[in-house]
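A.B. asks: what follows is a predicted protein model with its sequence.
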Amino acid sequence: MVTTAERVAPLRVKDLKSGIKPIWCPGCGDYGILSSFFQAIINLKLDPAKVAVVSGIGCSGRFPAFARVYGFHGVHGRALPTATGLKVARPDLTVFAMSGDGDAFSIGGGHIAHAARRNVDITYIVMDNEIYGLTKGQPSATSPPDILELSLSGKTKGSRKGMVGLLDIHKVEEALNPILMALAYNASFVARAFSGRPKELTAIIEEGVRHKGFSFIQVMSPCVTFFNTYNHFRETVVPLPEDHDPSDRMRAMALAMEPNKTYVGIFYRDETRPSLEERLEEYRQQLSPTSMEELLARFTR
Amino acid sequence: MSNESLVIRIGGEAGEGIVTIGETLVRIAAFSGLEVFTFRTYPAEIIGGQVMYQARIGREQVLSMGDDVDILVAANQLGHDEHIGELRSGGLLVYDSDAVTPAEGGDHLSYAVPFTQLAREINFLRGRNLIVVGFLTSLMGLPLDRAEQMVRRRLGKYKELLPSNLEALHKGYTHHQEHFAERPEFQIRPPEDGGEERLVMTGAQAIALGALAAGCRFYAGYPITPATDIMEFLSKELPRMGGTIIQAEDEIAAVTMAIGASFGGVKAMTATSGPGLALMIEALGLASMTEVPLVIVDAQRAGPSTGMPTKTSQGDLFLALYAGADEAPRFVLAPDSVEDSFYQMINAFNLAERFQMPVILLSDQAMATRVETIRPIDLSQIHQEKRRIPSLDRPEGNGYLRYALTEDGISPMAIPGMPGMTYTAEGLEHDESGAPSYVPEVHRAMTEKRFRKVETARKELHRWGLVNRWGDPQAEIAILSWGSTQSAVREAMERAAKEGILVEALFTKILLPMPDYEIRPFLEGKRAIIVPELNYQGMFAKVIEHRYSEQIIRNNIQVYRLNKYEGLPFKPGEIYAKIVEVAQRLTAGVLADRFLDEKLASV
């Protein structure tokens, strides 16, 4: 639910900065996400006191502390259920969940299906750098199998002696396709953005918030220290075909499966589904209210 | 002449309505003005296996399930074979003559009743169970009109079947009236005045009702035996009270949803058993570190690992007290009866909200599933604690300190939506503003702050009524325990008192922080402490030995562990036997070496 700020003057980005200096490396894609996040709040005229950001663990986990909104820095992989509990208890808040690719697709992978099933009205931003940055360079579920070759070839920066073994053995695993997965889970809003295309990223975040239901947004957000894919994405990132109809789920899946293309934009959206909060409220309305006195009376002999 | 109490056990195949027979009979008794206390087992699988339902029915408050079975009802052969050894001499075996061939001999009475045949006679095979209920109603001298009332109440929604159900009930009742003589030793007459005002409920229901009365308005849970009943009850009633319930995809999702809801300002809880609590430990630490109120109910069952899902245990004590990465303070409560489960849930929420901490409430399989008659609840006496929140009168930008270092350790907690108070609840170590910080002085100060809340609580404990102490203050023998062992202990002490053995007992309903202010005076003058608990390692005994070691050594107090770890509750006789043994040692002047492990001898 989008709320309107009652402010005398419009919000500025510096009003939304918490004053805590981000710990990310200079050039990190996450800075772009933070900026777009601020800009989206401003454009949507949200009241920061009614915005909540829930994160897990990783470089991504540090996100809430940098914003002057209500934040929750939780444990690894549980941003989605924490955000779900918050949104259901407080449907008046605009709730974001933030994860990295480790938080979202490894330890947290089990929760995505259920957020999609519930269609809980939160915006889930996955800051995907295809590596584990905070723990210094292990592969993630979205790392390409040939990540070691890429690192050693100099095409991307980042091959640490300590992690070479892990990057080497990683070639026995395929990379996950998060967009395809989110579509398969029938999430009602599935999009991808790139931190190197800030205007588009801001617009997609705004649409995610506007969407009444679970919004899944994968943001390619390169890690300059361990797996610098900026050049790679500058070559492969391309907007979704203009004629793509975002209500066409099958086509969205086909586009998600196209090799060597990193499509950005809104793959799929369905505005017709009620959100979890709406359904819960509707269900509550159908019931007859009760009281403690009435409940206890049922057990009295 | 009427008995003071009778123990009836019904054994048969799972899925055949054994529990229905028991639950209906128990409610007939309870609603006639009698007191009840039940115990049941169930198979862990859905189809097949045996099930047993035991009820103690009495004219006065019934404290435990008793030692001996007075009446055994065997619905199938295994129901006879498995339980006949527990029938007391002079007891009564009632068996379905169509399904059971009883053993020869034995010093008990036997009634062969063709229950299945009787059901065929009224063309209602499914009515066999109500025929049994009717038979037992007559046998035990319970009022037929109450029995009819219960059938209407419990089965009335199956309108088309009601006439058949009532017919079955009468069939059984009449069969007993016509074929068997009255036997007063198997009768229990309700008090003429209909008995005192009572509520009839299970431990799970008491927990759920307590949560609602405490103001809980968010529940997330994952099904697990034996806690599922709590979620089932709340799934129907919590939304009707304006709250929300979600069945989560797993226990970790359940507890983190509750934390999210609580962060949002709503009183939240989850309920589980040992394996679920083990999964939730990381989140327990998170709630402790971020200082978010949270209530977790653990209905303990026998383990370890998957263990015995439908059997009882008190083996999660160490898990509840100590588990977690590094040091995450929490509170642990342990109700000692179905009635107490209601009130301790209120305390759980009040402690969680006041101290912004996670609270674990330990119940167990036996207490969660048993039916008890409890005293009426006066809702006007219930007080709901509110979180300390910051005043809104602060100039904008005047940095709100979520984790302000205060004297009592409790910092005002802003609720999302409050303007000018934005903060991030931090799982990382943090300074007063909530900003992540690894500075040594900060970690020291914050660790002390979090633990200071426990000390503040300890100082206030006397206001919360968290200790139960009874018996003879002159006694040199003490019983110190927690949770559901209370009922068997009470009865054992009554028996001991009749023999002139003085015992004093103390049950603490709070295990962290421990109520030292009550226990230390209690231990003065004692020479022996018996610690009965349903676990192998003697967890509570170890806590006592450690915490009160100075006093125990100084006063030369002997600690006797009484550990039972069979998945079953204590029988009063087992505890009584220990009391007698300790009393004899005391008289003979031979208290054994300190900290000697005592194993339960078979009785």
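C.D. replies: Right, received. Where do you want to start?

A.B. asks: tell me the SS of the nearest residue to residue A:267 once chain neighbours are set aside?
C.D. replies: Distances taken as Cβ to Cβ, 6 or more residues apart in numbering or on different chains put residue A:252 closest to residue A:267, at 4.1 Å, once the chain neighbours are dropped. Heads up, the C-betas are built off the backbone N, CA and C, glycines and all. Three-state call for residue A:252 (DSSP: H, G, I helix; E, B strand; the rest coil): helix.

A.B. asks: and for residue B:288?
C.D. replies: helix.

A.B. asks: re the thing from before, the residue nearest to residue A:267: what's it in contact with?
C.D. replies: A:179, A:183, A:190, A:244, A:246, A:267, A:268 (Cβ atoms under 8 Å, 6 or more residues apart in numbering or on different chains).

A.B. asks: any idea how far residue A:250 lies from residue A:268?
C.D. replies: Counting by Cβ to Cβ, to the nearest Å, the separation of residue A:250 from residue A:268 is 10 Å.

A.B. asks: what backbone torsions are found at the most centrally placed residue in chain A?
C.D. replies: Chain A has residue A:125 as the residue nearest its centroid, 1.4 Å off, counting by Cα atoms, centre = their mean. Main-chain dihedrals, residue A:125, degrees, to the nearest 10: phi -110, psi 120.

A.B. asks: surely it touches residue A:101?
C.D. replies: No - at 11.8 Å, residue A:125 does not count as touching residue A:101 under the criterion of Cβ atoms under 8 Å.

A.B. asks: tally of neighbours for the residue lying closest to residue B:32 once chain neighbours are set aside?
C.D. replies: Of all residues not flanking residue B:32 in the chain, residue B:190 sits nearest, at 4.0 Å (Cβ to Cβ, 6+ apart). Neighbourhood size, residue B:190 [other Cβ atoms under 10 Å in any protein chain shown]: 22.

A.B. asks: helix, strand, or coil at residue B:190?
C.D. replies: Secondary structure, three-state DSSP: residue B:190 is coil.

A.B. asks: gap between it and residue B:70?
C.D. replies: Distance from residue B:190 to residue B:70, by Cβ to Cβ: 17 Å.

A.B. asks: can you list the residues of the stretch 101-250 of chain A near chain B?
C.D. replies: A:110, A:111, A:113, A:114, A:118 (Cβ under 8 Å from any Cβ of the partner chain).

A.B. asks: show me which of those are buried.
C.D. replies: Burial by neighbour count, 16 or more other Cβ atoms under 10 Å in any protein chain shown: within those this picks out A:111, A:113, A:114, A:118.

A.B. asks: and stretch B:35-54, end to end?
C.D. replies: Stretch B:35-54 has its terminal residues 14 Å apart, counting by Cα to Cα, to the nearest Å.

A.B. asks: what bridges to residue A:98?
C.D. replies: Counting by DSSP bridges, residue A:98 is bridged to residue A:55, residue A:125.

A.B. asks: find me the pLDDT at the closest residue to residue B:344 other than its chain neighbours, would you?
C.D. replies: In space, residue B:344 comes closest to residue B:335 once its chain neighbours are excluded; the distance is 4.0 Å by Cβ to Cβ, 6+ apart. Note on residue B:335: pLDDT of 98.

A.B. asks: show me the shaky parts of the chain.
C.D. replies: Since no chain was named, I'll use chain A. A:1-8, A:158-162 (pLDDT under 70).

A.B. asks: meant chain B actually
C.D. replies: Counting by pLDDT under 70, chain B contains low-confidence ranges at B:1-2, B:44, B:46, B:394-398, B:592-603.

A.B. asks: how is it divided into domains?
C.D. replies: B:5-196, B:200-381, B:388-465, B:467-588 (automatic domain parsing).
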